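Undergrad: Below are the sequence and a predicted model; questions follow.
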Amino acid sequence: MANKKISVIGAGAVGASVAQVLAIKDLGDIYIFDIVEDIAAGKALDIQEGAPHWGFNSKLKGFCTKDEKEYENMKGSDVIIVTAGLARKPGMSRDDLLIKNVGIMKDVGEKIKKYSPDSIIITVTNPADIMAYVIQKASGIDPSRIIGLGGSLDSTRFRTFLAEELDVAVQDVNAFVIGGHGDDMVPFIRYSNVSGIPISDLLSEEKIEEIVKRTRFGGGEIVNFYKTGSAFYAPSISITVMAESILKNQKRVIPCAAYLTGKHAEHYGISNMFIGVPIKICENGVEEIYDLKMNEGDKKLWENSVNSVKNNCKIADDFLAGKLN
Ligand code: APR
């Protein structure tokens, strides 16, 4: 049977790192694309040369998209992972990247439409929920085939901090984060537990609040260490689990940015946009969206996050309509 085909757009810190994790897990052949000359080819070869030690069969190739035709190599991808664009520096929020990355996403979305419109797309470039929205508009792809990174990464940070505080195996910590992948994301405390024991039975309110705060600014904490860029190790495995669920039709349930319409839009108070909610991920993309029951406290936090996503989509729309510089 032929290997699956995965395209990674952007060969920077996140793109190269996710390409290596995909290869180590032997999930398919990996085609890397970057606008900067030779970088994608170099990263592909460097990762490929580790194959004898890692024992993977994935084949990696890199292409420079300065010549648009190179995007033809993306044709027939099972999954396309979009990481092209600017990353944060200290003092910047993900939203500060918005205007800079919208133009890049429009371009990438149009190339996906032209060269590989039947793929499932994972958007990683930040702010991820808004970039998913722009890619969908530019590509015209059925929104259920587009999934944004967010909760998958934020939840792995939340679980890590909880496990550290409780001194328990991280595998036993079930906790997740919904909402936009921004500073007002919503760690969902009431459904978070350690092997079924609610975290509110194990930790004081103050301690939980401290961990929630650290989770919200988890990306910024890493930016403050790196100074010249943002996180890529935890993102690369968080993206890989999403890709693996698509490639193997695993039906994993992971909070990610999904497009809400109909009854889900009504339930969550946001329509025709992407925002982080628990979804079932299968070979066709989003197979199911779960409508979480929220109490008044949850609703307040959720609405804040919804408003940020709505405002940012409006900014993206204005930019695309030429109303902003
Ligand atoms: N087409 C293809 N590649 C592009 C384009 C484009 N139009 N524009 C930029 N790139 C490439 C850059 O040349 C660079 O190699 O995207 C890569 C980005 O790499 P980094 O600067 O290292 O950024 P990285 O840390 O990988 O983050 C990328 O993912 O997590 C998010 O917030 C992060 O938005 C950022 C994105």
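TA: Great, that's in hand.
Undergrad: Residues of this protein that sit close to the ligand?
TA: By CB under 6 Å from any ligand atom, the residues of the chain that approach the ligand are 9-15, 33-36, 39, 65, 83-88, 97, 101, 104, 107, 124-126, 229-230, 232, 235. Quick note: C-beta positions are derived from backbone N, CA and C, even for glycine.
Undergrad: let's see 8 Å
TA: Contact residues, the chain versus the ligand (CB under 8 Å from any ligand atom): 9-17, 33-36, 39, 65, 83-88, 94, 97, 101, 104, 107-108, 124-126, 128, 131, 149, 219, 229-232, 235.
Undergrad: Restricted to helices, list these.
TA: Mapping the residues of the chain next to the ligand onto helices (DSSP state H) picks out 13-17, 39, 101, 104, 107-108, 128, 131, 219, 235.
Undergrad: List buried residues within those residues.
TA: Buried by 16 or more other CB atoms under 10 Å: 13-17, 39, 101, 104, 108, 128, 131, 219, 235, out of these.
Undergrad: with these in mind, which one is nearest to residue 312?
TA: Of all these, residue 131 has the smallest distance to residue 312: 9.9 Å, by CB to CB.
Undergrad: which ones are touching the closest one?
TA: Residues in contact with residue 131 (CB atoms under 8 Å, 6 or more residues apart in numbering) are 82, 85, 101-102, 105, 123, 125, 148.
Undergrad: Max pairwise distance over those: which two?
TA: 102 and 148 (14.3 Å).
Undergrad: Give me the more crowded residue out of those two.
TA: Taking other CB atoms under 10 Å, residue 102 and residue 148 do not tie; residue 148 has more neighbours (32 against 26).
Undergrad: Excluding covalently adjacent residues, which one is nearest to the more buried one?
TA: Leaving out its chain neighbours, the residue that sits closest to residue 148 by CB to CB, 6 or more residues apart in numbering is residue 257, at 2.8 Å.
Undergrad: Is the one you found in a helix, a strand, or coil?
TA: Recorded secondary structure, residue 257: strand (DSSP: H, G, I helix; E, B strand; the rest coil).
Undergrad: Verify the stated contact: it with residue 129.
TA: Yes - in this structure residue 257 lies within contact range of residue 129 using CB atoms under 8 Å: 4.5 Å.
Undergrad: Mutual contacts of those two, please.
TA: 148, 150, 180-181, 274-276.
Undergrad: OK, now which residue of this protein is nearest to the ligand?
TA: Distance from the ligand to each residue of the chain (CB to the nearest ligand atom) is smallest for residue 12, at 1.7 Å.
Undergrad: What pLDDT does the model give that residue?
TA: You'll see residue 12 listed with a pLDDT of 98.
Undergrad: wait, doesn't it sit right on residue 87?
TA: Yes - the criterion here is CB under 8 Å, and residue 12 meets it with residue 87 at 7.1 Å.
Undergrad: Where does pLDDT dip in the stretch 201-325 of the chain?
TA: Screening the stretch 201-325 of the chain residue by residue with the criterion pLDDT under 70, one finds the ranges 325.
Undergrad: how about the strands of it, start to end?
TA: Applying DSSP state E, counting those that start in this stretch to the stretch 201-325 of the chain gives strands spanning 252-260, 273-282, 285-289.
Undergrad: I'd like those laid out as a markdown table, including distance to residue 245 and mean neighbour count.
TA: Output for the strands of the stretch 201-325 of the chain, formatted as a markdown table (distance: least, CB to CB, whole Å; neighbours: other CB atoms under 10 Å):
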| stretch | distance to residue 245 | mean neighbour count |
| --- | --- | --- |
| strand 252-260 | 4 | 24 |
| strand 273-282 | 4 | 24 |
| strand 285-289 | 10 | 18 |
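Undergrad: Including distance to residue 187, could those strands go into TSV?
TA: Shown next, in TSV, are those (distance: least, CB to CB, whole Å):
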stretch	distance to residue 187
strand 252-260	10
strand 273-282	11
strand 285-289	19
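Undergrad: which stretch among those strands comes nearest residue 324?
TA: Of all the strands of the stretch 201-325 of the chain, it is strand 273-282 that lies closest to residue 324, at 18.5 Å by CB to CB.
Undergrad: Determine which two of the ones in helices among the residues of the chain next to the ligand are furthest apart.
TA: 107 and 219 (24.7 Å).
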